[in-house]
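Visitor: Just the structure for this:
(one chain, ligands or ions: 1)
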Amino acid sequence: MRLRFTKMQGLGNDFAVFDAISQTIDPDPGWIRRLADRRFGIGCDQVLLVEPPRLPDTDFHYRIFNADGSEVEQCGNGARCFARFVRDQGMTDKDAIPVGTAAGAIRLHLEPNGQVRVDMGVPILEPARIPFVADQQASSYALALDDEALTIGAVSMGNPHAVLQVEDVDTAPVARLGPRIEIHPRFPQRVNVGFMQILDSRHIRLRVFERGAGETLACGTGACAAVVSGRVRGRLEDRVQVKLPGGGLVIEWDGPGKTLWMTGPAESVFHGEIDR
Ligand SMILES: N[C@H](CCC[C@H](N)C(=O)O)C(=O)O
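Guide: Numbering: from 1, shown residues only. As a prediction, this is how the structure comes out:
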(Lines give C-alpha, C1' and ligand atoms only; values in the text may rest on other atoms or scores of the structure.)
Protein backbone atom coordinates (compact mmCIF):
# COMPACT_ATOMS: atom_id res chain seq x y z
CA MET A 1 0.00 0.00 0.00
CA ARG A 2 1.35 3.45 -0.94
CA LEU A 3 1.03 6.13 1.77
CA ARG A 4 1.34 9.91 1.32
CA PHE A 5 3.28 11.91 3.91
CA THR A 6 4.75 15.37 4.42
CA LYS A 7 8.21 15.89 5.87
CA MET A 8 8.04 18.88 8.25
CA GLN A 9 10.25 20.61 10.80
CA GLY A 10 9.93 22.95 13.73
CA LEU A 11 13.34 24.51 14.53
CA GLY A 12 15.05 21.46 13.04
CA ASN A 13 13.05 18.97 15.14
CA ASP A 14 11.77 16.97 12.20
CA PHE A 15 8.68 14.90 11.53
CA ALA A 16 7.00 12.61 9.03
CA VAL A 17 3.31 13.63 9.09
CA PHE A 18 0.55 11.35 7.80
CA ASP A 19 -3.14 12.03 7.16
CA ALA A 20 -4.55 8.96 8.93
CA ILE A 21 -8.13 10.02 8.15
CA SER A 22 -8.13 9.48 4.40
CA GLN A 23 -5.45 6.78 4.73
CA THR A 24 -5.54 3.59 6.84
CA ILE A 25 -2.44 3.51 9.01
CA ASP A 26 -1.48 0.89 11.59
CA PRO A 27 1.44 2.44 13.50
CA ASP A 28 3.28 -0.65 14.76
CA PRO A 29 6.59 0.19 16.51
CA GLY A 30 8.75 -1.66 13.97
CA TRP A 31 7.28 0.33 11.07
CA ILE A 32 7.69 3.60 12.97
CA ARG A 33 11.34 2.80 13.64
CA ARG A 34 11.89 2.06 9.94
CA LEU A 35 10.19 5.31 8.88
CA ALA A 36 12.32 7.30 11.32
CA ASP A 37 15.60 5.71 10.23
CA ARG A 38 17.73 8.31 8.42
CA ARG A 39 19.18 5.72 6.02
CA PHE A 40 16.58 3.01 5.58
CA GLY A 41 13.51 5.21 5.88
CA ILE A 42 12.26 8.78 5.59
CA GLY A 43 14.33 9.94 8.58
CA CYS A 44 12.76 11.96 11.40
CA ASP A 45 12.74 12.49 15.18
CA GLN A 46 9.04 11.73 15.47
CA VAL A 47 6.18 10.39 13.30
CA LEU A 48 2.88 12.29 13.63
CA LEU A 49 -0.59 10.99 12.70
CA VAL A 50 -3.66 13.13 12.00
CA GLU A 51 -6.68 11.08 13.08
CA PRO A 52 -10.42 11.71 13.49
CA PRO A 53 -11.35 13.46 16.77
CA ARG A 54 -11.69 11.40 19.97
CA LEU A 55 -12.23 14.13 22.60
CA PRO A 56 -15.30 16.38 22.80
CA ASP A 57 -14.98 19.81 21.11
CA THR A 58 -11.89 18.82 19.13
CA ASP A 59 -11.55 18.62 15.34
CA PHE A 60 -8.70 16.09 15.13
CA HIS A 61 -6.75 13.60 17.21
CA TYR A 62 -2.96 14.05 17.23
CA ARG A 63 -0.76 10.97 17.79
CA ILE A 64 3.00 11.15 18.34
CA PHE A 65 5.59 8.37 17.96
CA ASN A 66 9.28 8.74 18.83
CA ALA A 67 11.99 7.42 16.51
CA ASP A 68 12.35 4.37 18.81
CA GLY A 69 8.72 3.46 18.07
CA SER A 70 7.30 4.53 21.45
CA GLU A 71 3.98 6.39 21.43
CA VAL A 72 3.99 9.48 23.66
CA GLU A 73 1.56 12.02 25.05
CA GLN A 74 2.71 15.36 23.66
CA CYS A 75 5.07 17.07 21.21
CA GLY A 76 5.26 20.86 21.08
CA ASN A 77 7.18 21.40 17.83
CA GLY A 78 5.00 18.71 16.28
CA ALA A 79 1.83 20.53 17.40
CA ARG A 80 2.83 23.61 15.39
CA CYS A 81 3.59 21.43 12.34
CA PHE A 82 0.24 19.65 12.86
CA ALA A 83 -1.58 22.99 12.52
CA ARG A 84 0.36 23.92 9.38
CA PHE A 85 -0.29 20.45 7.89
CA VAL A 86 -4.07 20.36 8.36
CA ARG A 87 -4.42 23.85 6.90
CA ASP A 88 -2.12 23.15 3.92
CA GLN A 89 -3.95 19.89 3.23
CA GLY A 90 -7.28 21.69 3.25
CA MET A 91 -8.50 19.56 6.18
CA THR A 92 -9.60 22.74 7.99
CA ASP A 93 -9.99 26.43 7.24
CA LYS A 94 -9.83 27.50 10.88
CA ASP A 95 -7.11 29.71 12.38
CA ALA A 96 -7.77 28.28 15.86
CA ILE A 97 -7.77 24.47 15.78
CA PRO A 98 -8.81 22.41 18.83
CA VAL A 99 -6.90 19.12 18.85
CA GLY A 100 -6.99 16.09 21.14
CA THR A 101 -3.87 14.27 22.33
CA ALA A 102 -3.22 11.45 24.80
CA ALA A 103 -2.50 14.26 27.30
CA GLY A 104 -5.82 16.04 26.66
CA ALA A 105 -6.96 18.89 24.39
CA ILE A 106 -4.69 21.68 23.12
CA ARG A 107 -5.48 24.67 20.89
CA LEU A 108 -3.35 25.55 17.87
CA HIS A 109 -3.44 29.15 16.59
CA LEU A 110 -2.12 29.96 13.11
CA GLU A 111 -0.86 33.55 13.37
CA PRO A 112 -0.94 36.09 10.46
CA ASN A 113 2.87 36.30 10.57
CA GLY A 114 3.21 32.56 9.84
CA GLN A 115 4.13 31.59 13.40
CA VAL A 116 1.98 29.11 15.32
CA ARG A 117 0.90 29.85 18.92
CA VAL A 118 -0.12 26.84 21.00
CA ASP A 119 -2.11 26.69 24.24
CA MET A 120 -0.12 23.82 25.79
CA GLY A 121 -2.47 23.46 28.75
CA VAL A 122 -1.50 23.67 32.41
CA PRO A 123 1.96 22.30 33.30
CA ILE A 124 1.96 19.46 35.82
CA LEU A 125 4.22 19.61 38.88
CA GLU A 126 2.79 16.86 41.11
CA PRO A 127 5.41 14.07 41.09
CA ALA A 128 2.90 11.22 40.78
CA ARG A 129 1.41 12.78 37.63
CA ILE A 130 4.75 13.45 35.91
CA PRO A 131 5.49 10.56 36.80
CA PHE A 132 8.52 11.00 39.05
CA VAL A 133 9.24 9.18 42.31
CA ALA A 134 9.51 11.79 45.12
CA ASP A 135 8.24 12.10 48.70
CA GLN A 136 6.66 15.47 47.99
CA GLN A 137 6.41 18.17 45.32
CA ALA A 138 9.32 20.61 45.24
CA SER A 139 10.81 23.24 42.91
CA SER A 140 13.94 21.08 42.65
CA TYR A 141 15.02 17.57 43.62
CA ALA A 142 18.29 15.79 44.44
CA LEU A 143 18.89 12.97 41.97
CA ALA A 144 21.62 10.40 42.59
CA LEU A 145 23.16 9.07 39.40
CA ASP A 146 25.80 6.38 40.04
CA ASP A 147 28.61 8.45 41.58
CA GLU A 148 27.05 11.88 40.87
CA ALA A 149 24.62 14.03 42.90
CA LEU A 150 22.50 16.13 40.57
CA THR A 151 19.83 18.78 41.16
CA ILE A 152 16.88 18.69 38.75
CA GLY A 153 13.48 20.18 38.15
CA ALA A 154 10.68 17.75 37.22
CA VAL A 155 7.72 18.86 35.09
CA SER A 156 5.13 17.26 32.80
CA MET A 157 3.69 18.98 29.74
CA GLY A 158 1.72 15.80 29.22
CA ASN A 159 5.11 14.14 28.72
CA PRO A 160 7.78 13.92 31.42
CA HIS A 161 10.78 16.30 31.64
CA ALA A 162 13.82 16.57 33.90
CA VAL A 163 15.54 19.98 33.78
CA LEU A 164 19.15 20.59 34.83
CA GLN A 165 20.56 24.11 35.12
CA VAL A 166 24.06 24.40 33.64
CA GLU A 167 26.61 27.21 33.32
CA ASP A 168 27.02 26.82 29.55
CA VAL A 169 24.92 24.66 27.23
CA ASP A 170 27.85 24.41 24.80
CA THR A 171 29.85 22.41 27.35
CA ALA A 172 26.91 20.70 29.08
CA PRO A 173 27.36 16.89 29.47
CA VAL A 174 24.35 16.12 27.25
CA ALA A 175 25.77 12.96 25.67
CA ARG A 176 27.11 11.65 29.00
CA LEU A 177 24.15 12.41 31.30
CA GLY A 178 21.21 12.48 28.88
CA PRO A 179 20.96 8.72 28.20
CA ARG A 180 21.54 7.87 31.86
CA ILE A 181 18.89 10.25 33.22
CA GLU A 182 16.45 9.21 30.45
CA ILE A 183 16.26 5.72 31.99
CA HIS A 184 16.64 6.70 35.66
CA PRO A 185 14.40 4.44 37.81
CA ARG A 186 12.72 7.44 39.48
CA PHE A 187 11.14 8.16 36.06
CA PRO A 188 9.05 5.03 35.50
CA GLN A 189 7.98 6.16 32.00
CA ARG A 190 11.55 7.33 31.18
CA VAL A 191 12.09 11.09 30.73
CA ASN A 192 13.19 13.90 28.39
CA VAL A 193 16.28 15.67 29.76
CA GLY A 194 16.76 19.43 29.38
CA PHE A 195 20.03 21.33 29.97
CA MET A 196 19.16 24.98 30.65
CA GLN A 197 21.52 27.96 30.79
CA ILE A 198 19.83 31.03 32.29
CA LEU A 199 21.14 34.21 30.62
CA ASP A 200 18.74 36.51 32.48
CA SER A 201 15.17 36.36 33.80
CA ARG A 202 13.73 36.55 30.26
CA HIS A 203 16.30 34.64 28.17
CA ILE A 204 17.60 31.07 28.35
CA ARG A 205 19.59 28.70 26.14
CA LEU A 206 18.52 25.06 26.09
CA ARG A 207 19.60 21.68 24.77
CA VAL A 208 17.38 18.61 25.14
CA PHE A 209 18.18 14.91 25.12
CA GLU A 210 14.76 13.56 24.15
CA ARG A 211 13.20 10.36 25.43
CA GLY A 212 13.08 7.91 22.54
CA ALA A 213 14.93 10.14 20.07
CA GLY A 214 18.22 11.38 21.58
CA GLU A 215 19.45 14.96 21.37
CA THR A 216 17.30 16.96 18.92
CA LEU A 217 17.85 20.45 17.48
CA ALA A 218 14.81 21.61 19.42
CA CYS A 219 12.16 20.29 21.80
CA GLY A 220 8.97 22.31 22.24
CA THR A 221 7.71 20.62 25.40
CA GLY A 222 11.30 20.74 26.68
CA ALA A 223 11.31 24.53 26.23
CA CYS A 224 8.00 24.72 28.11
CA ALA A 225 9.29 22.51 30.93
CA ALA A 226 12.53 24.47 31.27
CA VAL A 227 10.67 27.77 31.65
CA VAL A 228 8.28 26.22 34.19
CA SER A 229 11.19 24.84 36.19
CA GLY A 230 13.11 28.12 36.07
CA ARG A 231 10.03 30.10 37.05
CA VAL A 232 9.04 27.93 40.03
CA ARG A 233 12.64 28.29 41.20
CA GLY A 234 12.18 32.07 41.08
CA ARG A 235 14.72 32.62 38.30
CA LEU A 236 12.52 33.38 35.27
CA GLU A 237 9.73 35.85 34.46
CA ASP A 238 6.35 35.22 32.79
CA ARG A 239 7.62 35.59 29.18
CA VAL A 240 10.87 33.91 28.18
CA GLN A 241 12.82 33.68 24.89
CA VAL A 242 14.21 30.16 24.61
CA LYS A 243 17.22 29.73 22.32
CA LEU A 244 17.67 26.13 21.15
CA PRO A 245 20.31 24.86 18.70
CA GLY A 246 17.67 24.91 15.94
CA GLY A 247 16.24 28.35 16.74
CA GLY A 248 14.02 30.31 19.12
CA LEU A 249 10.66 29.87 20.86
CA VAL A 250 8.66 32.26 23.03
CA ILE A 251 7.14 30.73 26.16
CA GLU A 252 4.53 32.59 28.25
CA TRP A 253 3.38 31.30 31.62
CA ASP A 254 1.81 33.20 34.53
CA GLY A 255 2.59 30.53 37.11
CA PRO A 256 1.20 27.36 38.70
CA GLY A 257 -2.33 26.47 37.66
CA LYS A 258 -2.18 28.76 34.63
CA THR A 259 -2.12 27.86 30.94
CA LEU A 260 1.24 27.95 29.18
CA TRP A 261 1.63 29.35 25.65
CA MET A 262 4.36 28.42 23.16
CA THR A 263 4.97 30.39 19.93
CA GLY A 264 7.27 29.42 17.10
CA PRO A 265 7.63 28.38 13.44
CA ALA A 266 6.49 25.30 11.54
CA GLU A 267 7.52 24.44 7.98
CA SER A 268 6.88 21.81 5.33
CA VAL A 269 10.06 20.47 3.70
CA PHE A 270 8.72 18.08 1.04
CA HIS A 271 5.84 15.78 0.18
CA GLY A 272 6.38 12.11 -0.53
CA GLU A 273 4.92 8.65 -0.82
CA ILE A 274 6.18 5.47 0.83
CA ASP A 275 5.15 1.85 0.42
CA ARG A 276 3.88 0.01 3.50
N1 LIG B 1 10.54 12.84 22.94
C2 LIG B 1 9.28 13.33 23.52
C3 LIG B 1 8.21 13.51 22.41
C4 LIG B 1 8.57 14.62 21.42
C5 LIG B 1 8.71 15.95 22.09
C6 LIG B 1 9.43 17.04 21.31
N7 LIG B 1 9.87 16.72 19.98
C8 LIG B 1 8.67 18.36 21.37
O9 LIG B 1 8.80 19.18 20.45
O10 LIG B 1 7.98 18.58 22.40
C11 LIG B 1 8.80 12.33 24.58
O12 LIG B 1 9.19 11.16 24.52
O13 LIG B 1 8.04 12.75 25.45
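Visitor: any idea how far residue 201 is from the spatially closest residue to residue 242 that is not a sequence neighbour?
Guide: The shortest distance from residue 242 to any non-neighbouring residue, by CB to CB, 6 or more residues apart in numbering, is to residue 223 (4.2 Å). In short, each C-beta sits where N, CA and C put it, glycine included. Separation of residue 223 from residue 201 (CB to CB, to the nearest Å): 16 Å.
Visitor: likewise residue 168?
Guide: Counting by CB to CB, the gap from residue 168 to residue 201 is 18 Å.
Visitor: Which one of these two is surrounded by more residues?
Guide: Per other CB atoms under 10 Å, whichever of residue 168 and residue 201 has more neighbours is residue 201, with 15 against 9.
Visitor: Is the ligand within reach of stretch 263-273?
Guide: No - Stretch 263-273 is not in contact with the ligand by CB under 6 Å from any ligand atom; minimum separation 9.6 Å.
Visitor: do stretch 247-256 as well
Guide: No - with CB under 6 Å from any ligand atom as the criterion, the ligand is not reached by stretch 247-256; the gap is at least 9.4 Å.
Visitor: That stretch: how far from the chain's middle?
Guide: Its chain's C-alpha centre and that of stretch 247-256 lie 13 Å apart, by CA atoms, centre = their mean, to the nearest Å.
Visitor: residues in contact with that stretch?
Guide: Stretch 247-256 is contacted from outside by 11-12, 123, 125, 217-218, 220, 223-224, 227-228, 231-232, 238-242, 259-265, using CB atoms under 8 Å, 6 or more residues apart in numbering.
Visitor: in it, what counts as buried?
Guide: 247-253 (16 or more other CB atoms under 10 Å).
Visitor: can you give me the offset of stretch 145-155 from its chain's centre?
Guide: How far stretch 145-155 lies from its chain's middle: 21 Å, per CA atoms, centre = their mean.
Visitor: I misspoke; the intended subject was stretch 168-183.
Guide: 18 Å.
Visitor: Tell me which residues are up against stretch 34-48.
Guide: 5, 7-8, 13-18, 27, 32, 62-67, 69, 75, 78, 81-82, 85, 210, 213, 216, 272, 274.
Visitor: picking that back up, inside helices: which ones of the buried residues of stretch 247-256?
Guide: Judged by DSSP state H, the buried residues of stretch 247-256 include no members of helices.
Visitor: Looking at those residues, which is nearest the ligand?
Guide: Distance to the ligand, by CB to the nearest ligand atom, is smallest for residue 249 among the buried residues of stretch 247-256, at 9.4 Å.
Visitor: What residues are bridge-paired with that closest one?
Guide: Legend: beta-bridge partners of residue 249 under DSSP bridges are residue 242.
Visitor: how near is it to residue 74?
Guide: Shown here: residue 249 relative to residue 74, a distance of 15 Å by CB to CB.
Visitor: can you check residue 157 too?
Guide: For residue 157 relative to residue 74 (CB to CB), the value is 5 Å.
Visitor: intersection of neighbour lists for these two?
Guide: 103, 120, 221.
Visitor: Go through those residues and flag which are in strands.
Guide: The members of the shared contacts of residue 157 and residue 74 all map outside strands under DSSP state E.
Visitor: Thanks again, I'm all set now.
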